[in-house]
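**Student:** Can you look at this prediction? I've put the sequence above it.
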Amino acid sequence: MEPSHLARKERCCLTALRELGRRLYKGRWGYFFILPNFVIFAAFFLVPVVWSMVLSLLDYQWWGTEFVGLRNYEQVFSNRIFWKAVVNTAYYTLGVVPLWLGKALLIAALIFPFRKPLQTFFKGAFYLPHVTSAVILSMIWLWIYNPPFGLLNYLIGRIGLEPVAWLGNTRTAMPALIFMQVVMGGGSSIVLLSAAMNGIPTYLYEAAELDGARPVQVFFRVTLPLLRPTLLYLVVTGTINSFQVFTNIYLMTQGGPQFSTTTIVYMIYDTAFKQFQFGPASAMAMVLFGITALLAIVQFRWLGQEVEY
């Protein structure tokens, strides 16, 4: 390479560095104001994720640490209970997300014609469980599902049916958890969908009415297509949150009976903090991260094809 060419390349690099430094100096106060948020992000998200990736390659014990490569991943993938946890988590997600989103969409559509004060009242009422502690909600539903004196068994007993051990039966435990989440969840989704509906221009509804469209046709031909960006966001975040379910499992079933409600996150907790196997637990966490990232990409590619932002 000729010296003149090297000199030009060095001058270009120096010019680029000076320009970068000038921009950083010019926006120094902006970086100063976002610094606290970045520090919190790094301390409570970035560093734990990186450390979990490192732990997944180690045999981490209190008395010493040994590099084992991919052995923890081999142990995880050969664990039959882990695959059962994956299936349980997928079952929970497929049960919760469509029903919870359908419920939120139905309620948002029903309160949409009301006046603003009445809309606000209903949105606040449905949002209330969202701000209530998950521990309190789990304790309430433990009482509802209680076999001897729970509210649900009392109601089915009034129509002549035998009481059911809802959380003690392998066939009913997971459906019971899904039903609980569908009933209590969806408050934030109702608020977002209501806001999206109120943002649709009224002239579109007026044009549909002039064309003789019925309310059902207006909903499916006008409202629903314009809600696609919001629905896509809710599907992606709802799927991620459902794959990370833990509190309800921990407080209500402890993963039982017979691992029928063991989810990936609960198994990570059990492996790390009960069995003190931090390497395999970190490998499970990385697998969960990969699954949720892959699902988010697929949902954006598949469901986002017809979304206009």
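**Tutor:** Alright, I've got the coordinates.
**Student:** Residue 183: neighbour count?
**Tutor:** Other residues within reach of residue 183, judged by other Cβ atoms under 10 Å, total 15. C-beta: built from backbone N, CA, C; applies to glycine.
**Student:** Sorry, wrong one. I was asking about residue 237.
**Tutor:** There are 15 residues near residue 237, going by other Cβ under 10 Å.
**Student:** If you rank every helix and strand of this structure by mean pLDDT, what lands last?
**Tutor:** helix 3-26 (a mean of 73; mean pLDDT, DSSP states H and E).
**Student:** how far does that helix sit from the chain's center?
**Tutor:** 44 Å (Cα atoms, centre = their mean, to the nearest Å).
**Student:** Please export the C-alpha coordinates of that helix as PDB.
**Tutor:** Provided in PDB are the C-alpha atoms of helix 3-26 (Å, rounded to 0.1, in the frame of the first residue of the first chain):
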ATOM      1  CA  PRO A   3       2.400   5.900   1.800                       C
ATOM      2  CA  SER A   4       0.100   8.600   0.300                       C
ATOM      3  CA  HIS A   5      -2.900   6.200   0.500                       C
ATOM      4  CA  LEU A   6      -2.000   5.400   4.200                       C
ATOM      5  CA  ALA A   7      -1.800   9.100   4.900                       C
ATOM      6  CA  ARG A   8      -5.200   9.800   3.400                       C
ATOM      7  CA  LYS A   9      -6.700   6.900   5.400                       C
ATOM      8  CA  GLU A  10      -5.200   8.200   8.600                       C
ATOM      9  CA  ARG A  11      -6.500  11.700   7.900                       C
ATOM     10  CA  CYS A  12     -10.000  10.300   7.300                       C
ATOM     11  CA  CYS A  13      -9.900   8.400  10.600                       C
ATOM     12  CA  LEU A  14      -8.700  11.500  12.500                       C
ATOM     13  CA  THR A  15     -11.400  13.600  10.900                       C
ATOM     14  CA  ALA A  16     -14.100  11.000  11.800                       C
ATOM     15  CA  LEU A  17     -12.800  10.900  15.400                       C
ATOM     16  CA  ARG A  18     -12.800  14.700  15.700                       C
ATOM     17  CA  GLU A  19     -16.300  14.800  14.300                       C
ATOM     18  CA  LEU A  20     -17.500  12.200  16.800                       C
ATOM     19  CA  GLY A  21     -15.800  14.000  19.700                       C
ATOM     20  CA  ARG A  22     -17.400  17.300  18.600                       C
ATOM     21  CA  ARG A  23     -20.900  15.700  18.500                       C
ATOM     22  CA  LEU A  24     -20.300  14.100  21.900                       C
ATOM     23  CA  TYR A  25     -19.200  17.400  23.400                       C
ATOM     24  CA  LYS A  26     -22.100  19.300  21.800                       C
END
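**Student:** Would you tell me what the next helix or strand after it is?
**Tutor:** helix 28-41 (DSSP states H and E).
**Student:** And the contacts of that next one?
**Tutor:** Outside helix 28-41, the residues within contact range by Cβ atoms under 8 Å, 6 or more residues apart in numbering are residue 24.
**Student:** if we go to 7 Å?
**Tutor:** By Cβ atoms under 7 Å, 6 or more residues apart in numbering, no residue outside helix 28-41 reaches it.
**Student:** Please compute how far it lies from its chain's middle.
**Tutor:** Counting by Cα atoms, centre = their mean, helix 28-41 comes out at 26 Å from the chain centroid.
**Student:** and the helix or strand following it, which residues are buried?
**Tutor:** Sequence order places helix 47-55 as the next helix or strand after helix 28-41, per DSSP H and E. Using 16 or more other Cβ atoms under 10 Å as the test for burial, helix 47-55 gives 52, 55.
**Student:** packing partners for whatever helix or strand comes next after helix 47-55?
**Tutor:** Note on helix 47-55: by DSSP H and E, the next helix or strand toward the C-terminus is strand 58-61. Using 3 or more Cβ pairs under 7 Å, 6 or more residues apart in numbering; DSSP states H and E as the contact test, the elements touching strand 58-61 are strand 64-67, helix 278-303.
**Student:** can we see that at 10 Å?
**Tutor:** For strand 58-61, the elements it packs on are strand 64-67, helix 71-77, helix 278-303, judged by 3 or more Cβ pairs under 10 Å, 6 or more residues apart in numbering; DSSP states H and E.
**Student:** between the ones you listed, which one is nearest to residue 159?
**Tutor:** helix 278-303 (40.3 Å; Cβ to Cβ).
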